[in-house]
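>>> What follows is a predicted protein model with its sequence.
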Amino acid sequence: MATKTTAEKLATIQQGYTLEGATIELGAAIIDGELHKDAPVRLPLAMMNRHGLVAGATGTGKTVTLHMMAEQLSSAGVPVFLADIKGDLSGLATAAVGSDKLTARTQSIGQPWAGKAFPVEFLALGGDGNGVPVRATVTSFGPVLLARIMELNDTQESSLQLVFYFADKNGLELIDLKDLRAVIQFLTSDEGKDKLEELGGLSKATAGVILRELVNLEAQGLEKFFGEPEFNTAELLRTAPDGRGVVTCLELPTLQTKPMLFSTFLMWLLADLFEDLPEAGDLDKPKLVFFLDEAHLLFNGASKAFLDAITTTVRLIRSKGVGIFFVTQTPKDVPADVLGQLANRVQHALRAFTPEDAKALKATVSTFPVSDYDLEEILTSAGIGEAVITVMNEKGAPTPVALTRLRAPESVMGPAEDALVRSTVAGSALLGKYGTAVDNPSAYEKLTGKGAAPTGPAAPEPSAGMPGGQSAPAGGQSAPAAYDVDAEARRIEEEILGRPSSRPAPTPAPATRAPRPPAEPQPQPEPGGMMGDLGGVLGGALGGGLKSMARSMGTQLGRELLRGVFGTSSTRRRRR
């Protein structure tokens, strides 16, 4: 094939990136070593829900690329979610100040630059940082994601699903880790052995392993990420009064030491959005663009069920108006089934220092369309702030591959001042909703009898043999007797850590708790015989894929206990 001239290559890129609708401006093309500001490279706003990949070696500019894209999305009225691992993205709240170097760069690519600040909301997992605390209840997080954090094998994960099913069926609310610990401890106790046998696939030995892993999580301080008030992921879809999309930055100052928790919590946010949002079809612009940093952490050592759930979420959430951009070092970090759904590609430079690096380079090149560039050479020689780009055009076809010098952000590239972050959080409308943790009566109190007794004229008499006047769990089953869950947890913690437990000793009186809002009546299971129970077990353990089966069984239980694709089941959805 005849070699194209520079003019022909330029014409190919100009034609390929001539788009009609609103776009995200990415930069200007570099052809045969020369920058052409008359060849802008852009991404159609309507195609950002086709998902994307931002990849490249450490230090090549991936974070700045996210920053620049987030600014333009916000200006277009699209909310953005960013995981701020290094704290660099908080600068979005502060207008940048120009310099001679910056002016020379922006003029060279034809970028009209002006310093701007953007509407930013700061969140922090469990209050681990300056942001508004983000918490999830254990039941909302679900057994699949929780098993991922606990690094359970497939058998143990299936057993954990049965534990969740037992709690769902018996009206035992799993709000925080002590609730789940109490349920497992009950099932492995003498009082609960009959219930354990009824679950069939859950052995006492496996339940004991799960209990040890759970207590280990508590010993590492991870219990603060689970509890109430649970964060409503609809908060990520807000716009500012001036119409710009709110950029939500999730601070992760200490979670570099807990990468599994970080990546799995991000997946919970996506899964919850997936279950709540209605179908939207093709929109002029997405409802939300979600940047999932350190994406390789999601996939390392993941079970097939977990990978299938991610693939399903990525494939289907597009039609709900949400775009996902995975951020990692090389495309090979992302499974092929997921990578095949990422239509928009921004590939920064790779470093081929080792044989493994060379393999990764060849694998990366193989994922791009045929182009006029020698991609192996380009990807090892591209400078900081340059990237190889191909996106989906408005007709659903890939645009020409273009080496691009990327635009500069208009807000500060780096952390904002602590005083600004604190004042932004203090003035946030979300702080009043989520700022203070509450510990409402739930499974722990029901199983131990430590909750306050019912009061008022309609209060029932204490059940015979039940400590604290505890009533029977939902479903008409007798309540289990009390036992010292905390004492057993202290023993296991001391065994795991090899030191005295930090868990407080029990006190005679229960702690003061915030009042719990009146719950809606829980529907009782209709008699459905063995097939009805089977539908409930399968629905609880395997998620939404068996919804039609449960409906065909015609049982209320099957309908109520079905969970999402990750086994998630938020309080909001249960109370509708």
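Perfect, I can see it now.
>>> Using the three-state scheme, assign residue 106.
What DSSP: H, G, I helix; E, B strand; the rest coil gives for residue 106 is helix.
>>> give the contact list for the closest residue to it other than its chain neighbours.
Take residue 106 and drop its neighbours on the chain: the residue closest to it by C-beta to C-beta, 6 or more residues apart in numbering is residue 113, 4.1 Å away. Quick note: C-beta positions are derived from backbone N, CA and C, even for glycine. The neighbourhood of residue 113, defined by C-beta atoms under 8 Å, 6 or more residues apart in numbering, consists of 98, 102, 103, 106, 408, 410.
>>> how about these, which pair is most distant?
Using C-beta to C-beta, the two most remote members of the contacts of residue 113 are 103 and 410, lying 12.7 Å apart.
>>> the more surrounded of these two?
A count of neighbours by other C-beta atoms under 10 Å puts residue 410 above the other of residue 103 and residue 410, at 24 against 12.
>>> Assess the claim that the more buried one and residue 111 are in contact.
No - applying C-beta atoms under 8 Å, one finds residue 410 not in contact with residue 111, separated by 9.3 Å.
>>> low-scoring stretches of the stretch 151-300 of the chain, by residue?
Confidence mapping of the stretch 151-300 of the chain against pLDDT under 70 gives the ranges 253-257.
>>> To clarify, my last question referred to the stretch 401-550 of the chain.
Per-residue confidence for the stretch 401-550 of the chain (pLDDT under 70) gives these ranges: 451-550.
>>> Extract the residue ranges of the stretch 1-150 of the chain that are flagged as low pLDDT.
Confidence mapping of the stretch 1-150 of the chain against pLDDT under 70 gives the ranges 1-2.
>>> Please enumerate the helices of it.
For the stretch 1-150 of the chain, applying DSSP state H, counting those that start in this stretch gives helices covering 6-16, 62-75, 100-108, 138-150.
>>> so which of those comes closest to residue 118?
Comparing the helices of the stretch 1-150 of the chain under C-beta to C-beta, the one sitting nearest is helix 62-75, at 5.0 Å.
>>> Kindly format the C-alpha coordinates of that closest one as CSV.
These are the backbone C-alpha positions of helix 62-75, laid out as CSV (Å, rounded to 0.1, in the frame of the first residue of the first chain):
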residue,chain,number,x,y,z
LYS,A,62,-3.6,10.3,33.1
THR,A,63,-4.8,12.3,36.1
VAL,A,64,-4.5,15.6,34.1
THR,A,65,-6.6,14.0,31.3
LEU,A,66,-9.4,13.1,33.8
HIS,A,67,-9.2,16.6,35.2
MET,A,68,-9.6,18.2,31.7
MET,A,69,-12.4,16.0,30.7
ALA,A,70,-14.2,16.5,34.0
GLU,A,71,-14.1,20.3,33.6
GLN,A,72,-15.7,20.1,30.1
LEU,A,73,-18.4,17.6,31.2
SER,A,74,-19.3,19.9,34.1
SER,A,75,-19.5,22.9,31.8
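>>> For it, list every residue counted as buried.
By neighbour count on 16 or more other C-beta atoms under 10 Å, the buried set for helix 62-75 is 62-74.
>>> and the residue nearest to residue 106, what are its phi and psi?
Taking degrees, to the nearest 10, you get phi -110, psi 140 for the backbone angles of residue 113.
>>> the strands in the stretch 201-350 of the chain, which residues?
Assignment of strands within the stretch 201-350 of the chain using DSSP state E, counting those that start in this stretch yields the ranges 247-251, 288-292, 322-328, 344-347.
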